[in-house]
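[1] Got a predicted structure plus its sequence, pasted below:
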Amino acid sequence: QVQLVASGGGLVQAGGSLRLSCAASGRTFSSYAMGWFRQAPGKEREFVAAISGSGGSRYYANSVKGRFTISRDNAKNTVYLQMNSLKPEDTAVYYCAAGSVTSRWEDGYNYWGQGTQVTVSS
């Protein structure tokens with residue numbers, strides 16, 4: 001069982017930056033792939049980024065590639081999402097997730113955090 005707590009969301013102007021964090025419970029954090037997803041109002045939840053347990057593999061949605069960076073600190077049981085050059089269309093609730101496969105798909109993840117709101121003003 002893994003519990004995930006996401007934090008770091010907030011209100012930022014377009015072009016600004018935010019760093020999201022997701023803290024995980026348990027001793028086996030490094031065995032889990034981690035992902036970030038987001039859901040904007042009226043839209044389905046979508047993939048943002050994923051990272052393997054070791055951190056050696058990373059994947060990004062085309063819409064965030066070059067602007068967002070996913071990383072993890074296994075000693076701190078935490079995964080991060082550094083978001084730069086934010087755009088109003090990045091406004092969404094951001095969710096972190098843990099699973100056994102580094103996947104772009106929601107069904108690859110078994111555990112989900114509660115979400116943190118990111119709002120980008122124009």
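    Nice, I can see it.
[2] Compute the distance between the residue nearest to Ser122 when sequence neighbours are not counted and Ser17, please.
    Leaving aside its sequence neighbours, Ser122 sits nearest to Pro88 (CB to CB, 6 or more residues apart in numbering; 4.8 Å). Using the backbone N, CA and C atoms, a C-beta is placed for each residue, glycine as well. According to CB to CB, to the nearest Å, Pro88 stands 15 Å off from Ser17.
[3] quick one, phi/psi of Ser31?
    phi -90, psi -10 (degrees, to the nearest 10).
[4] Isn't it up against Gly53?
    Yes: with contact defined as CB atoms under 8 Å, Ser31 reaches Gly53; the gap is 5.4 Å.
[5] Out of those two, name the residue with the larger neighbour count.
    Gly53 (18 against 13; other CB atoms under 10 Å).
[6] Over to the more buried one. Which of the three states is it?
    coil (DSSP: H, G, I helix; E, B strand; the rest coil).
[7] Tell me the pLDDT of it.
    Looking at Gly53, its pLDDT is 96.
[8] if I look at it, how far off is Met34?
    Taking CB to CB, one finds Gly53 at 8 Å from Met34.
[9] beta partners of the most centrally placed residue in the chain?
    Closest to where the C-alpha atoms of the chain average out (CA atoms, centre = their mean) is Trp36, at 2.6 Å. Beta-bridge partners recorded for Trp36 (DSSP bridges): Ala49, Cys96.
[10] can I assume Leu20 is in contact with Gly10?
    No: Leu20 is not in contact with Gly10 according to CB under 8 Å; the separation is 9.7 Å.
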